[in-house]
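Asks: Here's my sequence, what's the structure:
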Amino acid sequence: MNADIAEALRARGHRVTRARRAVWQALEDAAGHLTVEQLASRVRQHEPGVNTASVYRSLTLFSEFDLVRESRLGDDEAGRWELAHPDEHFHVVCEQCGEVDHHVGDLVEQVRDHLANGHGFRTVTVELTVTGRCERCA
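Replies: Residues are numbered from 1 along each chain as shown. Here you go, the predicted structure:
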């Protein structure tokens, strides 16, 4: 487990448990977007005693500290979890193979500016998802 996450938990009065360590490590290793079920499966490969409820509790705690993000990447998709990233990263989802990728650019900032200048709306978080077909599936 990254020492920074352990320090972040302790600084906020939380214990560093086996389940929390395993969930964090699985998210770091995944470098992607996992459902709770996928995450729980990966966690149990290293910590068989960790149940799905513990995974949910860990994700909820990490989310409270803005360390992870949950995204809905399709109309009926289950939430997918990943390590937190800046809003400038937006999701590109292939509707055929399901691959999810991050793209960085100024599009999110353009949306923020448009909403602020054109509508007086101050954004807190931008969750932008673009669906289509990846290069392999196109």
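Asks: how much space between the residue nearest to the spatial centre of the chain and Gln38?
Replies: What sits nearest the mean C-alpha location of the chain, by CA atoms, centre = their mean, is Glu82, with 2.5 Å. Glu82 is 11 Å from Gln38, where distance means CB to CB, to the nearest Å. Placement of C-beta: from N, CA and C, glycine included.
Asks: Arg10 reaches Arg20, doesn't it?
Replies: No - with contact defined as CB atoms under 8 Å, Arg10 does not reach Arg20; the gap is 11.1 Å.
Asks: Look at these two and report which has more neighbours.
Replies: Taking other CB atoms under 10 Å, Arg10 and Arg20 do not tie; Arg20 has more neighbours (23 against 11).
Asks: nearest residue to that one other than its sequence neighbours?
Replies: Spatial nearest neighbour of Arg20, chain neighbours left out: Ser58 (4.9 Å); criterion: CB to CB, 6 or more residues apart in numbering.
Asks: what do you get for Ala30?
Replies: Closest to Ala30 by CB to CB, 6+ apart is Arg42, at 7.0 Å.
Asks: For that neighbour, grab phi and psi.
Replies: In terms of degrees, to the nearest 10, the main-chain angles of Arg42 are phi -70, psi -40.
Asks: got it, and Val92?
Replies: Per-residue torsions, Val92: phi -120, psi 120 (degrees, to the nearest 10).
Asks: ends of stretch 21-41, how far apart?
Replies: Using CA to CA, to the nearest Å, one end of stretch 21-41 lies 15 Å from the other.
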